[in-house]
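Q: Give me coordinates for this.
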Amino acid sequence: DSAVFAAVAENRGGTAKCSANLVVEERRRQGRGGLAPPSFTLTAQNVNVTAGQLVRFDTKVTGTKPIDVYWLKNGQKVQPDIKNKILEEDGVYTLLILEAYPQDSGKYECVAMNGAGE
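A: Sure, this is the predicted structure:
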């Protein structure tokens, strides 16, 4: 079930593309010290947007808290700023790109880790 999900934004000014990588691993019952490692129960989906529009990637993570969750773009950690917002509510972790443009193209990944693993 592993796949790369892609979003394409097109208008008269050009085309922008971005993608999110999904890797499905075997569920592990318990990790180190009886802790449950993080597991994704909701993964980022394909999104089609026009340049300048909002992009939203949602994932839901379960496991023993605390869980450290962060987003990567092309292997580099996404830092929250005026354009990129990272939210969490009830185990749902969201990356918002408030206005997507061609420079936002790339491979987006969500990483979750706790004391039991990644």
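
Q: tell me the contacts of residue 114?
A: With contacts defined as Cβ atoms under 8 Å, 6 or more residues apart in numbering, residue 114 is in contact with 31, 35, 37, 38, 63, 64, 65, 66, 67, 68. All C-beta atoms are positioned from the backbone trio N, CA, C, and that covers glycine.

Q: The closest residue to residue 56 other than its chain neighbours bridge partners, please.
A: Using Cβ to Cβ, 6 or more residues apart in numbering and skipping residues adjacent in sequence, the residue nearest residue 56 is residue 96, 5.5 Å away. Beta-bridge partners for residue 96, by DSSP bridges, are residue 56, residue 85.

Q: Give me the neighbour count for residue 96.
A: 15 (other Cβ atoms under 10 Å).

Q: any weak-confidence spans in this structure?
A: Within the chain, the segments meeting pLDDT under 70 span 1-10, 14-33, 45-48.

Q: If I follow the layout properly, residue 41 ends up in contact with residue 90?
A: No - taking contacts as Cβ atoms under 8 Å, residue 41 lies outside contact range of residue 90: 11.8 Å.

Q: Counting neighbours, go ahead and name the busier of these two.
A: For residue 41 versus residue 90, the count of surrounding residues by other Cβ under 10 Å is larger for residue 41: 11 against 5.

Q: Figure out the helix or strand that the more buried one lives in.
A: strand 39-42 (DSSP states H and E).

Q: Contacts only, for the residue lying closest to residue 71 once chain neighbours are set aside.
A: Using Cβ to Cβ, 6+ apart and skipping residues adjacent in sequence, the residue nearest residue 71 is residue 78, 4.2 Å away. Residues in contact with residue 78 (Cβ under 8 Å, 6+ apart) are 70, 71, 72, 84, 86, 95, 108.
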